[in-house]
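> what follows is a predicted protein model with its sequence.
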Amino acid sequence: MSRRREKRRIADGGLPPGAVIANTSQQIHVSPYGSAKKFYVDIHFKCKDCGVEDVWTGSQQKWFYEVAKGSLYATAVRCRPCRIRFNEQRGLQREQMDAADNAKQEG
């Protein structure tokens, strides 16, 4: 289907195949000039750490934007294994910084 025809179908109220309907009242709006997402579709991306091709599904986006209250401008940049590894490393860094701060306060 042509891009123009696809845009017209969406504007007429039709949704792309596989789209997940959004609940706009649950989204956090950062700007009054931006518009809320009406639906979510699968987004293909390449992991910035390992380079593997991955998919951020519509249902994962729905959870991120509506339950976790993520920014509507954010998108996935890491695959799941790299995201887990990144969060573990960040947690370890926080523990080390807290230990250093506690040692500084005691000494």
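Looks like it arrived, so ask away.
> can you give me the buried ones in whichever strand or helix holds Arg90?
Taking DSSP states H and E as the criterion, Arg90 maps to helix 80-106. The neighbour-count check on helix 80-106 (16 or more other Cβ atoms under 10 Å) flags Cys82 as buried. Quick note: C-beta positions are derived from backbone N, CA and C, even for glycine.
> now it: mean pLDDT?
Summarised as a single mean, pLDDT over helix 80-106 is 92.
> next one: stretch 36-48
In this model, stretch 36-48 has an average pLDDT of 93.
> contact partners of it?
15-16, 18-22, 24, 27, 29, 52-59, 61-62, 65, 72, 75-79, 82 (Cβ atoms under 8 Å, 6 or more residues apart in numbering).
> which members of these are classed as buried?
When the contacts of stretch 36-48 are checked for burial by 16+ other Cβ under 10 Å, the buried set is 20, 22, 27, 54, 56-58, 61-62, 65, 72, 76, 78-79, 82.
> what about the strands in this protein?
Under the criterion DSSP state E, strands of the chain are mapped to 20-21, 39-40, 43-46, 53-56.
> and the residue nearest the centre of this protein?
Thr75 (4.1 Å; Cα atoms, centre = their mean).
> now do the same for that residue: its pLDDT.
Thr75 carries a pLDDT score of 93 in this model.
> hmm, it is touching Gln60, no?
No: with contact defined as Cβ atoms under 8 Å, Thr75 does not count as touching Gln60 (11.0 Å).
> distance from stretch 97-107 to the middle of the chain?
Averaging C-alpha positions (Cα atoms, centre = their mean, to the nearest Å) puts stretch 97-107 34 Å from its chain's average.
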